[in-house]
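> got a predicted structure plus its sequence, pasted below:
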Amino acid sequence: PLALRIAAANLVTHPDLTVGEYINRLTEGDRLTELGIENDQQAAVRVSFDLSYQALPPTTARLFRLLGLVPGP
């Protein structure tokens, strides 16, 4: 839900940007950067992930990092 809300806010605040162009930015670029709101560092998917990750116990955080190494889509 957070990512959808941010995507919608980005589309509303950039009326010259089409949905198709925004989708291309998400699929070809850095998704976490694209899912942020200009001039609002707290409204971003990256911030949400960071806060959640920082709250993990060390062994769980390590497992989360290792999952990023698993090949696949």
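On my side now, so go ahead.
> using the three-state scheme, assign Tyr22.
Of the three states, Tyr22 takes helix according to DSSP: H, G, I helix; E, B strand; the rest coil.
> which residues touch it?
Ala7, Asn10, Leu11, Glu34 (C-beta atoms under 8 Å, 6 or more residues apart in numbering). Backbone N, C-alpha and C define where each C-beta goes, glycine included.
> what's the weakest-modelled helix or strand in the chain?
The helix or strand of the chain with the poorest confidence is strand 40-44; it has a mean of 71 (mean pLDDT, DSSP states H and E).
> other SSEs contacting that one?
When contacts are defined as 3 or more C-beta pairs under 8 Å, 6 or more residues apart in numbering; DSSP states H and E, strand 40-44 sits against helix 2-13, strand 36-37.
> who touches that strand?
The contact list for strand 40-44, computed with C-beta under 8 Å, 6+ apart, reads Ile6, Ala9, Leu32, Leu35, Gly36, Ile37, Val47.
> list the contacts for Val45?
Leu2, Ala3, Ile6, Arg31, Leu32, Leu35, Gly36.
> okay, Pro15: pLDDT?
In this model, Pro15 is scored at 91, pLDDT.
> start at 411 instead
OK, 411 is where the count begins now, so the last one is Pro425.
> can you confirm it is in a strand?
No: applying three-state DSSP, one finds Pro425 to be coil, outside a strand.
> what is the neighbour count of it?
By other C-beta atoms under 10 Å, the residues close to Pro425 number 7.
> how much space separates it from Glu431?
12 Å (C-beta to C-beta, to the nearest Å).
> got it, and Leu442?
According to C-beta to C-beta, Leu442 stands 18 Å off from Glu431.
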